[in-house]
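Chemist: The following comprises the amino acid sequence and a computationally predicted model.
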Amino acid sequence: MFLTARPGRPLGGCLAARFASVLAAAAALAGCAASASGPAWPAAGSESHLRAADERRIDTCTDALDAPRHAAVGALDAARIDLVNWNIKKKSIPTWREDYSRLTRGTELILIQEAALRADTIVALPAVPHWSFAPGYRADGAVTGVLTLSSVEPLTRCSFVTTEPVLRTPKATSITQFRLAGRPDTLLVINVHAVNFSFGLGAYKRQFEQIAGVLEDHEGPVILSGDLNTWRAGRMHAVDALAAAYGLEALAFGDALADDHRSRFFGRPLDHIYVRGLEPVSAHISDVSSSDHNPLSVTFAL
């Protein structure tokens, strides 16, 4: 689902009134993932976890990414792109607003996981011009998913959903594509809330094979960011293998473990940012009490 607020206009009113209809439209739009020849990851000869429906959604997404560009769409400044990534814990802790305002002021890209939207609280969300929301699951009158907020309108938006095998909770992936000022190539931004509860790696790998299907056809810069739930070695190996296959590099946070304040489970960090074709100028982790995840803030240049 994709919500767009125009600059200078409140997000309430029509958005709240049309909440149900927008969600219905989002359900129809949500989907994307691999070219007809199949992704380069996983390696040849290994088992694929993609389903026929995944293949169709990949084709739909890659077709949209390759479609002719709309010249009127704004562009990100390639000389400086500020990004914040944060699992906001469904906005369940009241102080999230103060932390959000402090961390995101002047930021071009804001990637949120566990963004919970309700018809009666949607007006409280920040007035950022462009929203790209990929719905995951619905409960207690709220729709929770991943939300990419941007200072300029994306060229293309599409999304995937992968269901966790144990709790049957859908986990969402949002794909957005942006123009870059003065450059012919485009920036692909992938916002992920990865499958969490599973006994094996099948569902987890399926989610990243969907992402691989989109990466297969994109030659420009990439940001892959989110709560990747890498709490066991097999998950971390799967993500690192995909990154290696598509030339993505993991950002380091701090010079030592003591400086890396990313949220951890079983001693392993859960939140990650991988990039290709971008130079990290600075990277910072903020300690907060308004979520069980600490936000990651990065400044990039091309």
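Modeler: Cool, got the structure. No experiment lies behind these values; they were computed from the predicted model shown.

Chemist: for the closest residue to residue 112 other than its chain neighbours, what are its contacts?
Modeler: Using CB to CB, 6 or more residues apart in numbering and skipping the chain neighbours, the partner closest in space to residue 112 is residue 147 (4.3 Å). In short, each C-beta sits where N, CA and C put it, glycine included. Residues near residue 147 by CB atoms under 8 Å, 6 or more residues apart in numbering: 110-112, 115, 131-134, 174, 191.

Chemist: Let's see that with 10 Å instead.
Modeler: By CB atoms under 10 Å, 6 or more residues apart in numbering, residue 147 lies in contact with 1, 3, 88, 110-117, 125, 128, 131-135, 172, 174, 191.

Chemist: try residue 65
Modeler: Residue 65 touches 32, 155-158, 175-177, 186, 188, 214, 217-218, counting by CB under 10 Å, 6+ apart.

Chemist: Could you do residue 218 as well?
Modeler: 62, 65-66, 175, 177, 185-188, 190, 246, 276.

Chemist: how about the helices of the protein, start to end?
Modeler: In the chain, the helices defined using DSSP state H lie at 14-17, 19-29, 52-65, 96-104, 202-215, 233-245.

Chemist: Make JSON lines out of the ones you listed and add mean pLDDT and distance to residue 80.
Modeler: Listed next are these as JSON lines, based on pLDDT from 0 to 100; distance: least, CB to CB, whole Å:
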{"stretch": "helix 14-17", "mean pLDDT": "40", "distance to residue 80": "30"}
{"stretch": "helix 19-29", "mean pLDDT": "40", "distance to residue 80": "31"}
{"stretch": "helix 52-65", "mean pLDDT": "92", "distance to residue 80": "24"}
{"stretch": "helix 96-104", "mean pLDDT": "79", "distance to residue 80": "15"}
{"stretch": "helix 202-215", "mean pLDDT": "94", "distance to residue 80": "24"}
{"stretch": "helix 233-245", "mean pLDDT": "95", "distance to residue 80": "24"}
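
Chemist: Return the most buried member of those.
Modeler: Ranked by mean neighbour count, these are led by helix 202-215 with a mean of 24 (mean count of other CB atoms under 10 Å).

Chemist: just the angle between it and helix 233-245, please?
Modeler: For helix 202-215 against helix 233-245, the angle by axes from the mean of the first three to the mean of the last three CA atoms, to 10 degrees is 10 degrees.

Chemist: ok now helix 202-215, how far from the chain's centre?
Modeler: Here helix 202-215 is found 13 Å from its chain centre; the criterion is CA atoms, centre = their mean, to the nearest Å.

Chemist: just use 29 as the starting number from now, easier for me
Modeler: Renumbered: residue one is now 29, and that last one reads helix 230-243.

Chemist: how many degrees apart are that helix and helix 80-93 in direction?
Modeler: Helix 230-243 runs at 30 degrees relative to helix 80-93, counting by the same axes, to 10 degrees.

Chemist: Quick one: list the elements packing against helix 230-243.
Modeler: Where contact means 3 or more CB pairs under 10 Å, 6 or more residues apart in numbering; DSSP states H and E, helix 230-243 is packed against helix 80-93, strand 184-191, strand 198-208, strand 214-221, strand 250-255, helix 261-273.
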